[in-house]
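Asks: just need the structure, nothing else, for what follows:
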Amino acid sequence: MRHLLQTLHILFAIFAVGPLVHAATTASRGVRQADGHAVATAARTVRIYGYASLLVALFGFGLVQPKYDHQFSDTWIWLSVVLYVVALAVLFAVLQPSLQRAATALAEGSSAQPLNARIAASGGVIGLLFAVIVVLMVYKPGS
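Replies: Okay, the predicted model is just below:
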């Protein structure tokens with residue numbers, strides 16, 4: 001069972017978190033180019049893959065058992081969970097609504113440029129948080 005959970009955890013990390021981080025970190029390009037379709041697509045992508053990333057956490061939680069030599073008290077596990085929750089909070093509270101507002105503004109013929117810094121910064125923060133989570137998963141400090 002461990003190998004199945006670990007395989008699913010890694011596969012969903014690649015195929016859900018990968019596109020999520022890509023869309024989050026490149027979304028501001030659509031705003032800079034005033035491409036409303038690209039911005040709307042980025043908003044939809046980060047929303048869908050943000051929810052899909054919950055499966056990564058679900059399979060990861062399945063691996064946190066003493067019989068697999070992992071416990072929530074392990075520093076790298078609880079810190080990864082905290083960073084993941086922060087990443088999702090930034091995603092759903094800042095990035096996705098900002099992208100939606102930018103897409104709406106561009107569809108109406110207005111400028112979305114005032115939102116560009118917020119979109120770029122929140123996308124960068126999300127990318128950085130997931131990168132730190134990967135480092136924690138690989139090096140497992142404190143174990």
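
Asks: residue contacts, Val132?
Replies: Leu83 (C-beta atoms under 8 Å, 6 or more residues apart in numbering). No exception for glycine: its C-beta is placed from N, CA and C like everyone else's.

Asks: tell me the mean pLDDT over the helix or strand containing it?
Replies: If you go by DSSP states H and E, Val132 is part of helix 116-139. Helix 116-139 carries an average pLDDT of 96.

Asks: next one: Gly142 relative to Arg32, how far apart?
Replies: Distance of Gly142 to Arg32, given as C-beta to C-beta, to the nearest Å: 41 Å.

Asks: and Ala23, how many neighbours does it have?
Replies: 24 (other C-beta atoms under 10 Å).

Asks: need the longest helix for the protein.
Replies: helix 36-63 (DSSP state H).

Asks: summarise which helices and strands it is packed against.
Replies: When contacts are defined as 3 or more C-beta pairs under 8 Å, 6 or more residues apart in numbering; DSSP states H and E, helix 36-63 packs onto helix 2-12, helix 18-32, helix 75-90, helix 96-107.

Asks: please redo it, this time with the cut-off set to 6 Å
Replies: Applying 3 or more C-beta pairs under 6 Å, 6 or more residues apart in numbering; DSSP states H and E, we find helix 36-63 packed against helix 2-12, helix 18-32, helix 96-107.

Asks: for Ser53, which of these is the nearest?
Replies: Closest approach to Ser53 among the helices and strands packed on helix 36-63 is made by helix 18-32 (5.8 Å; C-beta to C-beta).

Asks: who touches that closest one?
Replies: Here helix 18-32 makes contact (C-beta atoms under 6 Å, 6 or more residues apart in numbering) with 38-39, 42, 45-46, 49, 53, 95, 99, 102, 112, 116, 119-120, 123, 126-127, 130.

Asks: great, nothing more from me.
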